[in-house]
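[1] Below is the structure, and that's it, no one-letter string:
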């Protein structure tokens, strides 16, 4: 309401002293005001403590999720397996039977189509595309970030069309290294050059899903940001991603790891959603309680007494 009152004819908000000073407020006796304030101090403090506790619970679940992925993609699932030096200084030891190779050894990596409105002449076909803003670890977000369109020539349609199972890795900015598996969320969709598409090479022993979890591990531990030079605005270029080193378990073991992580992370994510829902309910109740008390909808004098 304050923003509405202070919005000028040009659409800019200007909450000056004149606007604020003209706002009318209902009020009761000073004694009742103090009673309302005392009641709200006590109740909001209690609710804030409950919210803070649940937020810590979410942090713990997120830490547990990260630790689970980190251990699985670097040590595997067998706690008795013999270990060896990986040869990667920041990685340490990996199971003795795992190999280490660059991403380009197992995958093809291609940057998306550059968005350049000045070169569009109407001779191509307008198609939807996703960009870095659509990519979140939990999956592709189409509703909040929106899906734009750009022009593709006929020979670019096959080259840039996404297929279910493709891994998409953000190339730069605050989201650098963030990844998703494309699951065909749109029947037909393409990708822009803020994303790298990664596809398993024929006969590759490494799946895109395992690389997804590897990217998550390297991102949350800061290795992607270090590689991308993210002191300001980092870039995980196509060449950098191709040369990025990763461990490679055997096919059956790798499948077991990704299946295990799919199941366990889904369980943790479901718990996080439930806790977040309870936080949202508490925040709504807090707002409703304040609104009712300061508008005189509830009598709190007896509560304070």
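    All right, it came through fine. Just so it is clear, the structure is predicted and the values come from calculations on it, not from any experiment. Numbering: from 1, shown residues only.
[2] hey, where'd the helices end up in this protein?
    Assigned by DSSP state H, the chain shows helices spanning 2-6, 17-21, 30-75, 103-106, 154-160, 208-220, 223-227, 238-243, 251-294, 301-304.
[3] Run through the neighbouring helices and strands of the fifth one.
    Using 3 or more C-beta pairs under 8 Å, 6 or more residues apart in numbering; DSSP states H and E as the contact criterion, the secondary-structure elements in contact with helix 154-160 are strand 125-130, strand 190-191. Any C-beta I mention is one placed from the backbone N, CA and C, and that applies to glycine too.
[4] Of all the helices of the chain, which one comes closest to residue 192?
    Taking C-beta to C-beta, helix 154-160 is the member of those nearest to residue 192, at 8.7 Å.
[5] Give the residue spans of the stretch 151-300 of the chain that score low on pLDDT.
    Low-confidence segments of the stretch 151-300 of the chain (pLDDT under 70): 230-233.
[6] If we use 80, what do you get?
    The stretch 151-300 of the chain contains residues with pLDDT under 80 at 229-234.
[7] In this structure residue 134 contacts residue 141, no?
    Yes - with contact defined as C-beta atoms under 8 Å, residue 134 reaches residue 141; the gap is 5.4 Å.
[8] what about these two, which has more around it?
    residue 134 (26 against 16; other C-beta atoms under 10 Å).
[9] quick one: that one from residue 116, how far?
    Residue 134 sits 19 Å away from residue 116, going by C-beta to C-beta, to the nearest Å.
[10] Same list, the helices and strands packed on helix 154-160, but as CSV with mean neighbour count and distance to residue 258 please.
    CSV is the format used below for those (neighbours: other C-beta atoms under 10 Å; distance: least, C-beta to C-beta, whole Å):
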stretch, mean neighbour count, distance to residue 258
strand 125-130, 18, 23
strand 190-191, 22, 23
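[11] Include distance to residue 106 when you put those into TSV, please.
    Below are the helices and strands packed on helix 154-160 laid out as TSV (distance: least, C-beta to C-beta, whole Å):
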stretch	distance to residue 106
strand 125-130	24
strand 190-191	20
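[12] Out of those strands, which is closest to residue 290?
    Proximity to residue 290, assessed across the helices and strands packed on helix 154-160 by C-beta to C-beta, is greatest for strand 125-130 (40.4 Å).
[13] Given the closest one, what are its sheet partners and their directions?
    Strand pairing for strand 125-130, determined by DSSP bridges: strand 148-152 (antiparallel), strand 190-191 (parallel).
[14] Show residues contacting the first one.
    Counting by C-beta atoms under 8 Å, 6 or more residues apart in numbering, the neighbours of strand 148-152 from elsewhere in the structure are 113, 115, 117, 120, 122-129, 131, 160, 190, 192.
[15] Please repeat the previous calculation with a cut-off of 6 Å.
    Contact partners of strand 148-152, identified using C-beta atoms under 6 Å, 6 or more residues apart in numbering, comprise 115, 120, 124, 125, 126, 127, 128, 129.
[16] So for stretch 245-254, what gets flagged as buried?
    245, 246, 247, 248, 249, 253, 254 (16 or more other C-beta atoms under 10 Å).
[17] In strands, which of those residues appear?
    245, 246, 247, 248 (DSSP state E).
[18] Would you reformat these as TSV and include distance to residue 52?
    As requested, those are arranged in TSV below (distance: C-beta to C-beta, whole Å):
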residue	distance to residue 52
245	40
246	38
247	39
248	43
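[19] Looking at these, which one is closest to residue 77?
    residue 247 (13.6 Å).
[20] check contacts around residue 294.
    Residue 294 sits next to no residue when contact means C-beta under 6 Å, 6+ apart.
[21] rerun at 7 Å
    Residues in contact with residue 294, defined by C-beta atoms under 7 Å, 6 or more residues apart in numbering, are residue 36.
[22] how deep is the residue nearest to residue 114 when sequence neighbours are not counted tucked in, by neighbour count?
    Nearest non-adjacent residue to residue 114, counting by C-beta to C-beta, 6 or more residues apart in numbering: residue 193, 4.7 Å away. Applying other C-beta under 10 Å, we find 19 residues neighbouring residue 193.
[23] Show the backbone phi and psi for residue 193.
    Note on residue 193: its backbone torsions stand at phi -80, psi 10 [degrees, to the nearest 10].
[24] hang on, the earlier thing: TSV for the helices of the chain, including distance to residue 83?
    Output for the helices of the chain, formatted as TSV (distance: least, C-beta to C-beta, whole Å):
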stretch	distance to residue 83
helix 2-6	59
helix 17-21	66
helix 30-75	8
helix 103-106	22
helix 154-160	42
helix 208-220	17
helix 223-227	20
helix 238-243	25
helix 251-294	15
helix 301-304	62
